[in-house]
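>>> Sharing a model that was predicted from the sequence below.
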Amino acid sequence: MYRTFSPRIEDRPVYAIADLEALGSVRFLEAVDGMVKAGVRWIQLRAKKASGAQLFHLARDCYQRLQGHSCGLWLDDRVDLAALLPVEGVHLGQQDLPPAAARELLGPQVAIGLSTHSHRQVEEAAENPHVDVVAIGPVFPTVSKLNPEPTVGLQLIREARQLTSKPIVAIGGLSENNLCSVLAAGADSAAFLGAVCHGDVGVRCKSLLRRAKDCP
């Protein structure tokens, strides 16, 4: 019997991705503080080029920053570190460890999110008992990945909403201008990297949260 993703997803319309390469090590923890203080309740730590030791220490420091706040910490890719740290979840790509194998390491207490880029992948994620959150994208063109998948648009989100009651996260090319459109299409949350990692992180997060609250 595996866990059901328990936090109220409707309270998490903004999923902030704290990316080490985008922020730089000097700004990283300051940025996480800004996200938390702005009211973000869902933060992912992403560091594609970091060593295992560096990412372990960053994740541990992030977790300490989140203490006392209603905010869940997720790790990108690294199931091994998610098994060692008190994180809420781990996010996997199609080329990462399969969700069933990740579950063997993580047990029932850590949520698993999976990226999907096609109708077939969404169907598989919807039917997979080890997947708690279905991420869909890139919805719009993105520059945060060197070789991104083809854009899927809003239609795949609409289709996914008909296929599953699992939380759906839209990702890829999202901004304050298109936030409401992805939520209206059926996404429960919208993931932001570039839109929060540049400029004043706290101000940007507050603006996105206000926009999400005002969406029809």
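Alright, I've got the coordinates.

>>> mind listing the helices for the chain?
Remark: helices assigned in the chain by DSSP state H are 20-23, 25-38, 52-66, 79-84, 99-106, 119-127, 155-163, 179-185, 194-197, 201-214.

>>> okay, the ones you listed, which one's buried deepest?
Of all those, helix 194-197 carries the top mean neighbour count, a mean of 23, counting by mean count of other C-beta atoms under 10 Å. Just so you know, the C-beta spots here come from the backbone N, C-alpha and C atoms, and that holds for glycine as well.

>>> Show me what that one packs onto, helices and strands only.
Counting contacts by 3 or more C-beta pairs under 8 Å, 6 or more residues apart in numbering; DSSP states H and E, helix 194-197 is packed against strand 14-19, helix 20-23, helix 25-38, helix 201-214.

>>> tell me the mean pLDDT over the third one?
When the per-residue pLDDT values of helix 25-38 are averaged, the result is 92.

>>> CA atoms only for it, dumped as CSV, please.
What follows is helix 25-38, C-alpha atoms only, in CSV (Å, rounded to 0.1, in the frame of the first residue of the first chain):
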residue,chain,number,x,y,z
SER,A,25,25.9,29.2,-5.0
VAL,A,26,26.2,32.6,-3.3
ARG,A,27,22.5,33.4,-3.9
PHE,A,28,21.1,30.0,-3.5
LEU,A,29,20.0,29.8,0.2
GLU,A,30,19.1,33.5,0.1
ALA,A,31,16.8,32.7,-2.8
VAL,A,32,15.2,29.8,-0.9
ASP,A,33,14.6,32.1,2.0
GLY,A,34,12.9,34.5,-0.4
MET,A,35,10.7,31.8,-1.8
VAL,A,36,9.6,30.6,1.7
LYS,A,37,9.0,34.1,3.1
ALA,A,38,6.9,35.0,0.0
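
>>> Direction-wise, compare that helix with helix 52-66 and give the angle.
Between helix 25-38 and helix 52-66, the angle comes out at 30 degrees (axes from the mean of the first three to the mean of the last three C-alpha atoms, to 10 degrees).

>>> Likewise for the last one?
With the same axes, to 10 degrees defining the directions, helix 201-214 sits at 60 degrees from helix 52-66.

>>> Now tell me what touches helix 201-214 from outside.
Defining contact as C-beta atoms under 8 Å, 6 or more residues apart in numbering, one finds that helix 201-214 is touched by 13-14, 16, 23, 27, 30-31, 33-35, 37-40, 176, 179-180, 183, 190, 192, 195-196, 198.

>>> 10 Å instead?
Helix 201-214 is contacted from outside by 12-14, 16, 18, 23, 27, 30-41, 43, 174-177, 179-180, 183, 189-190, 192, 194-198, 200, using C-beta atoms under 10 Å, 6 or more residues apart in numbering.

>>> again with stretch 19-31
16, 18, 32, 34, 43-50, 54-55, 58, 61-62, 64-65, 76, 144, 193-194, 196-198, 200-202, 204-205.

>>> please redo it, this time with the cut-off set to 8 Å
If you take C-beta under 8 Å, 6+ apart as the criterion, stretch 19-31 is touched by 18, 45-50, 58, 61-62, 65, 144, 193-194, 196-198, 201.

>>> do the same with stretch 159-168
Taking C-beta under 8 Å, 6+ apart as the rule, stretch 159-168 contacts 5, 9, 116, 119, 122-123, 125-126, 131-136, 157, 185-189.
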